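Asker: just need the structure, nothing else, for what follows:
(chains A, B and C)
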Amino acid sequence: MSTAGYFAYWVTIFLLMAGLYILIARGNLIKKLVGMSIFQTSVYLLYIAPGKLIGGTAPIFAEQFKVYSNPLPHVLILTAIVVGVATLALGLALVVRIREAYDTIEEDEILALDDKLEREKE
Amino acid sequence: MKHYLVLRVIAKLLIPFMLLFALYVQFHGDFGPGGGFQAGTIAAAAVIFYALIYGLPNARKVVPSWLVEAMIASGVLLYAGVGIAGIFLGGNFLDYFVLSADPVAGQLRGIFWVEAGVAITVSGVMLKVFYMFAGRGRDEAE
Amino acid sequence: MMAVAVVALARSRNLFSVVVLGGIYSFLMATVMVALDAVDVAMTEAAVGAGISTVLLLSALHLCKSEEAKPLHRPWLPLLLAVATGAMLVYGTLGLPAFSDPAAPIHTHVAPRYINDGPRETGVPNIVTAVLASYRGFDTLGETTVVFTAGIGVIALLRRRRRNRDEEEQ
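Answerer: Here you go, the predicted model:
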């Protein structure tokens, strides 16, 4: 039971690391934002998985059920999902403005353009 | 134009049901899954669907910008207002049991108004963000 | 299945397919959450992650003219960083209680009080709504303020109608 018990956590960690890798390794800004959103979604899974009781049911009170899954992680994650989409909206607004200012959304090209602007200022 | 016609007819059939479903999720959040956030998102999705099929200017006529901006602010004000009403009626901030004679009825009333405030703000923000993004492209194309 | 979607997303270069794969990932996540008895969260994740997120990403993509080139450097350092963090997290999870253990600490402190007294004290059968709106109502006020701030931020960033384009660029 020990390895099978941890399998759920390991899959979640793999998804977490995949999201983190996309976030830091890819240069395209929109792909980075998608990677960030995948990272956040995997964190939700990491929080909800320990709350489940096998044989329990959803935490809505009904007469015929006695065992419920833990409602506390659900509450936290509900807040986290909405905050995540708020962050995504703000990030996308920033990307749109960057695109209009620099005419590109690749991180390397933006940094090169910034260096060029700084050198021209001096 | 024929495939556009199919989309328009299906949109006309589906959008009232989507809005109805949003209201159902909002008011049945006490008894089943649901609540303010889900309802706000589904309502915003219904209006976004309308904007996608019928065009942004038509959507702006149905749900104008000033209304959306008023919704964003008034939802948060409603929530804070419920909290302050708790102070005026004798309890602490955001105490619900003072809102009515019976404490449990007070809880129900407080939860109802709080969830309504959350739904108004969430749907307003989602819709306004969509208007901003879609309107930006439209102005660029001119 | 979700791992396949994420790996395909990482390797894909076409940004449109990246967005669609992200939506598929969110939908699969919502399904997994229903299997884990988190129905409220599943509904929110499906509506927000697969609906609103995809719409926003697609409209931003349209505004950014769907740039496709994504040059590959030699991403060894980020890969090493991701693997090292993953290994540390796996080492950390060995200390966690096994999956679905009723005696785990997460089930013994506050949760029994919410489950036992929630419907009686608040009159609301949905325990998640009761906790969200009544027991932890202050947090929900903070969250609504965060959503409000994000809306204000997007308005502030994207407001100008670009009437005089030359004046505003410099």
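Asker: which helix or strand contains the residue sitting nearest the centre point of chain A?
Answerer: Centrality entry for chain A: nearest residue to the mean C-alpha point is A:Gln40, 1.8 Å, by Cα atoms, centre = their mean. According to DSSP states H and E, A:Gln40 maps onto helix A:29-48.
Asker: tell me the confidence at the residue nearest to the centre of chain A?
Answerer: At A:Gln40, the model reports a pLDDT of 90.
Asker: and the residue lying closest to it once chain neighbours are set aside, how many residues sit next to it?
Answerer: Residue nearest to A:Gln40 in three dimensions, not counting chain neighbours: A:Gly84, with 4.5 Å by Cβ to Cβ, 6 or more residues apart in numbering or on different chains. For the C-beta atoms, the positions are set from N, CA and C on the backbone; glycine is no exception. For A:Gly84, the tally of surrounding residues (other Cβ atoms under 10 Å in any protein chain shown) stands at 22.
Asker: next one: B:Phe37
Answerer: When neighbours are defined as other Cβ under 10 Å, B:Phe37 has 32 of them.
Asker: helices or strands next to the helix or strand harbouring it in the packing?
Answerer: Under DSSP H and E, the secondary-structure element containing B:Phe37 is helix B:36-54. When contacts are defined as 3 or more Cβ pairs under 8 Å, 6 or more residues apart in numbering or on different chains; DSSP states H and E, helix B:36-54 sits against helix A:71-102, helix B:2-27, helix B:56-62, helix B:103-141, helix C:39-47.
Asker: out of these, which comes closest to B:Ala70?
Answerer: helix B:103-141 (7.9 Å; Cβ to Cβ).
Asker: can you mark which positions in the closest one are buried?
Answerer: When burial is assessed from 16 or more other Cβ atoms under 10 Å in any protein chain shown, helix B:103-141 yields the following buried residues: B:103, B:106-137.
Asker: for chain C, tell me which of those residues show up nearby.
Answerer: Among the buried residues of helix B:103-141, proximity to chain C is found for B:107-108, B:110-111, B:114-115, B:117-118, B:121-122, B:124-126, B:128-130, B:132-134, B:136-137 (Cβ under 8 Å from any Cβ of the partner chain).
Asker: about what we covered before: quick one, what contacts the residue nearest to the centre of chain A?
Answerer: When contacts are counted by Cβ atoms under 8 Å, 6 or more residues apart in numbering or on different chains, A:Gln40 touches A:19, A:80, A:84.
Asker: let me have these in TSV, adding pLDDT as columns.
Answerer: Shown next, in TSV, are those (pLDDT from 0 to 100):
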residue	pLDDT
A:Gly19	85
A:Ala80	90
A:Gly84	91
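Asker: quick one: low-confidence parts of the chain?
Answerer: I'll assume chain A. Low-confidence segments of chain A (pLDDT under 70): A:1-5, A:55-56, A:63.
Asker: should've been chain B
Answerer: Low-confidence segments of chain B, defined by pLDDT under 70, are located at B:1-3, B:137-142.
Asker: residue of it closest to chain C, please.
Answerer: With distances taken as Cβ to the nearest Cβ, chain B approaches chain C most closely at B:Val125, which sits 3.6 Å away.
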